[in-house]
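*Asks:* Quick one: sequence plus predicted model below, questions after.
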There are 2 protein chains.
Amino acid sequence: MHEVIENILKRNQLSVTGSRVRILELFLGQQGALAHGDIEKRTGEKFDRVTVYRTLQVFLNKGIIHTIPTADNSIRYALCKDDCAGGHHHDNHVHFVCNECGSTICLDEVTIPGVKLPIGFEPTQVEMVISGVCKDCREK
Amino acid sequence: MHEVIENILKRNQLSVTGSRVRILELFLGQQGALAHGDIEKRTGEKFDRVTVYRTLQVFLNKGIIHTIPTADNSIRYALCKDDCAGGHHHDNHVHFVCNECGSTICLDEVTIPGVKLPIGFEPTQVEMVISGVCKDCREK
DNA sequence: AAGAAGATGCAACTTTGTTGCAAAATCTTT
DNA sequence: AAAGATTTTGCAACAAAGTTGCATCTTCTT
């Protein structure tokens, strides 16, 4: 596990530091997405709020994580699949937000269908967020 | 114009007040979506910040406007088409965010295609946001 | 092991959003 | 058209979220 994390960091020319390792651990340890607040809580407030902000910012710039749009105000972050290059990365899967448990899940296997835009509009990125009840909550 | 606005308000059992009229004017006077900040600026800070928040909240509850999810943190609001009933309204069109001019546009004529979710997931709402370059910016 | 480069924590601050309450505006009724 | 009931508004105070500068501490390089 720690091997994998060091790898991610080094591949992106990032130094291996406590907060970066811990935050990547969190992302790797679950399939869903994390909001800033989640991360603060789950690290046991071990790192400064500012450090978490800056770490996430760095990960975003490097394309290690991506943001997920939500209808409510909160930014969610999720790990990118390996082939996301810094900055412009391709994040063409559907995101699911569960209204019961609040978790956000990347449905990597569900590809976003194409749409035909009116003439003149030139798309560069497509996001699709589906909210409802997730598998785990349905089974309860 | 004012006729139309009064109509919207009365249809929703809302009293006709300065801020409500002005804010609806803004929405009707352009095709895109507005963030809270836009509204404050364009009203010339004539209304209290709190009033704007509360007005938007009321419009949301009545289904006069709807929110648009964005990957950055800002909530955008746009007018609903007439047939949105209070609370649960159907907002099944694609939203477009222009990276040049920053405007958010409802593509009412583009319907969100259906997707097949993995077993167990039960969707209640689907949002689709496409970013890129809008028609107006392309033509420049 | 030492120096350079980079990351962290702290403090102070800005921006964004919320709540309670008194004053003001709107609507209803006569 | 005015009085009273009901809503809405603005203010103040607060809470939460995010940012910046700077000194200190870590990490990386050689």
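*Replies:* Thanks, I have the structure now.
*Asks:* Could you list the buried residues of stretch A:42-49?
*Replies:* Buried positions in stretch A:42-49, judged by neighbour count with 16 or more other C-beta atoms under 10 Å in any protein chain shown: A:42-43, A:47. C-beta coordinates here come from the backbone N, C-alpha and C atoms, glycine included.
*Asks:* got the contact list for that stretch?
*Replies:* A:18-19, A:22-23, A:26, A:34, A:40, A:52, A:55 (C-beta atoms under 8 Å, 6 or more residues apart in numbering or on different chains).
*Asks:* Poorly predicted segments of chain A, please.
*Replies:* Low-confidence segments of chain A (pLDDT under 70): A:82-91.
*Asks:* most remote residue from it's center?
*Replies:* residue A:119 (32.0 Å; C-alpha atoms, centre = their mean).
*Asks:* tell me the contacts of the closest residue to it other than its chain neighbours?
*Replies:* Nearest non-adjacent residue to residue A:119, counting by C-beta to C-beta, 6 or more residues apart in numbering or on different chains: residue B:135, 7.4 Å away. Applying C-beta under 8 Å, 6+ apart, one finds that residue B:135 lies in contact with A:118-121.
*Asks:* Sort out which residues of the strand ranked longest in chain A are buried, please.
*Replies:* Across chain A, the longest stretch assigned as strand under DSSP state E is strand A:122-133. Buried positions in strand A:122-133, judged by neighbour count with 16+ other C-beta under 10 Å: A:125-133.
*Asks:* Give me the most central residue, chain A.
*Replies:* Centroid-nearest residue in chain A: residue A:78, 1.1 Å away (criterion: C-alpha atoms, centre = their mean).
*Asks:* Near DNA strand D, which residues of chain A are found?
*Replies:* Counting by C-beta under 7 Å from any atom of the strand, chain A comes close to DNA strand D at A:9, A:15-18, A:36-37, A:49-50, A:53-54, A:57, A:74-75.
*Asks:* where do the helices sit along chain A?
*Replies:* With DSSP state H as the criterion, chain A has helices at A:2-11, A:18-28, A:36-42, A:49-62, A:135-138.
*Asks:* which one of those has the most crowded surroundings?
*Replies:* helix A:18-28 (a mean of 18; mean count of other C-beta atoms under 10 Å in any protein chain shown).
*Asks:* what helices or strands is it leaning on?
*Replies:* helix A:2-11, helix A:36-42, helix A:49-62, strand A:76-79 (3 or more C-beta pairs under 8 Å, 6 or more residues apart in numbering or on different chains; DSSP states H and E).
*Asks:* out of these, which comes closest to DNA strand C?
*Replies:* Of all these, helix A:49-62 sits nearest to DNA strand C, with 3.2 Å by C-beta to the nearest atom of the strand.
*Asks:* Can I get the closest one as CSV, trimmed to CA atoms?
*Replies:* Only the C-alpha atoms of helix A:49-62 are listed here, as CSV (Å, rounded to 0.1, in the frame of the first residue of the first chain):
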residue,chain,number,x,y,z
ARG,A,49,-6.9,22.9,7.6
VAL,A,50,-4.7,24.9,5.3
THR,A,51,-2.5,21.9,4.6
VAL,A,52,-5.4,19.8,3.5
TYR,A,53,-6.5,22.6,1.2
ARG,A,54,-3.1,22.9,-0.3
THR,A,55,-2.6,19.2,-0.6
LEU,A,56,-5.8,18.8,-2.5
GLN,A,57,-4.9,21.7,-4.7
VAL,A,58,-1.6,20.0,-5.6
PHE,A,59,-3.3,16.7,-6.3
LEU,A,60,-5.8,18.5,-8.5
ASN,A,61,-3.1,20.3,-10.5
LYS,A,62,-1.2,17.0,-11.0
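*Asks:* Let me know whether it sits next to DNA strand C.
*Replies:* Yes: judged by C-beta under 7 Å from any atom of the strand, helix A:49-62 and DNA strand C are in contact via A:50-51, A:54-55, A:58.
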